[in-house]
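J.: the following block contains a protein sequence and its predicted model.
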Amino acid sequence: MGVTVNPTVSRRRLGSELRRLREISGMTTQQVAERLLISQPKISLLENGRRLIKPRDVRDLCALYGVQDQRRVDHLMQLSKESGQQGWWNSYGDVPYGAYIGLEAEAAAIRFYEPMVIPGLLQTPAYAHAVIAGTIPHATAEQAATRLQVRLRRQSRLGARHNPPRLWAVVDESALRRVVGSREIMREQLDRLSHLSAQPHVTLQVLPHDAGAHPGVSGQFALLEFDDATDASVVYLERFTSDLYLEKRSDVRLYSDMYAHLQARALGPERTRRFIDEVVTTYGRTEARPDLRRPGRGVQRVQAPRPPTT
């Protein structure tokens, strides 16, 4: 097959089109469920792209909605087949945030706000390894290695020569100051940030501590936007036990406004690069701050609740 299929996106497009056809027909999800002898929540999951649907079920829904154009029916059935395929991330086993990876892989623009650590797409291998080791202490060496491989493969699209995603990242100053792994790792990580921020498709802004209270105090979030007009923008919220995906226009608009406020409060891109360079010098000192918890050790290790996917 000449084109890589993204099952997550195919499932979302199919669900969105089925919802549109149902609304045109004037039927409610409850009425559809009663006619097909299935549960109403299943219809909602199908329309939200959260559940697979078989081609024959797509055919039955099209008949129920009065779709006469066979080409449209065939197209929707093809989307059903594609949505059942495996994404590249599935080859790594059970990846907890596979749905997010599928969306990220197709997004034309990604906007991050990250208050605690450097966003995953911008991490060096050493920094990513330290984040994973520190935030998932129960993970086996094999599980940690798998997560690292997935994270690094996600980054490959950012470095693509053709059509890389447009990336905006607002990062809190705390993420630059928190020593993850070691001071040497932090120096390498901040050098990487400075380099990436000079790329034409990457905009990086630091939100300094003196910015005070701001709309991002509630935590990390990401906004993903797509080129295809049928793909609605998504807000991604990472949580401890389950992640949230918000697609309602009102929710997306709210988080877009929040992001605009964060960008306005953050340092501009040029000032951000100078700020990062200033912080780098603090990690370039020969003396290391003592770790009061472990006598004789000069590296402070910080653990966060869970490794961010973004």
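T.: In hand now; what should we look at? Numbers count the residues shown, from 1 in each chain.
J.: low-confidence stretches in the stretch 1-150 of the chain?
T.: Counting by pLDDT under 70, the ranges of the stretch 1-150 of the chain that qualify are 1-5.
J.: average pLDDT for the helix or strand hosting residue 170, rounded please.
T.: For residue 170, the host element (DSSP states H and E) is strand 166-172. The average pLDDT within strand 166-172 is 97.
J.: which strands and helices lie in contact with it?
T.: Applying 3 or more Cβ pairs under 8 Å, 6 or more residues apart in numbering; DSSP states H and E, we find strand 166-172 packed against strand 109-114, strand 202-207, helix 249-265. In this view, the C-beta of every residue, glycine as well, is placed from N, C-alpha and C.
J.: make TSV out of those and add mean neighbour count and distance to residue 100.
T.: As requested, these are exported to TSV (neighbours: other Cβ atoms under 10 Å; distance: least, Cβ to Cβ, whole Å):
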stretch	mean neighbour count	distance to residue 100
strand 109-114	23	11
strand 202-207	22	20
helix 249-265	15	15
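J.: what would those look like in JSON lines with distance to residue 182?
T.: Converted to JSON lines, the helices and strands packed on strand 166-172 look like this (distance: least, Cβ to Cβ, whole Å):
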{"stretch": "strand 109-114", "distance to residue 182": "21"}
{"stretch": "strand 202-207", "distance to residue 182": "21"}
{"stretch": "helix 249-265", "distance to residue 182": "29"}
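J.: who wins for proximity to residue 166 among the ones you listed?
T.: strand 109-114 (4.3 Å; Cβ to Cβ).
J.: for the closest one, packing partners?
T.: Strand 109-114 sits against strand 166-172, strand 221-225, helix 249-265, with contacts defined as 3+ Cβ pairs under 8 Å, 6+ apart.
J.: which elements pack onto the shortest one?
T.: Counting contacts by 3+ Cβ pairs under 8 Å, 6+ apart, strand 221-225 is packed against strand 109-114, strand 234-237, helix 249-265.
J.: so which of these gets nearest residue 211?
T.: The nearest among these, by Cβ to Cβ, is helix 249-265 at 4.7 Å.
J.: buried sites along the helix or strand just after the closest one?
T.: On the C-terminal side of helix 249-265, the closest following helix or strand by DSSP H and E is helix 269-283. Counting neighbours by 16 or more other Cβ atoms under 10 Å, one finds that the buried residues in helix 269-283 are 272-273, 275-276, 279-280, 283.
J.: export the residues you listed as CSV, with columns for distance to residue 199.
T.: As requested, the buried residues of helix 269-283 are arranged in CSV below (distance: Cβ to Cβ, whole Å):
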residue, distance to residue 199
272, 13
273, 12
275, 18
276, 14
279, 20
280, 18
283, 22
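J.: and of the residues you listed, the nearest to residue 212?
T.: For the buried residues of helix 269-283, the minimum distance to residue 212 (Cβ to Cβ) is 16.8 Å, reached by residue 275.
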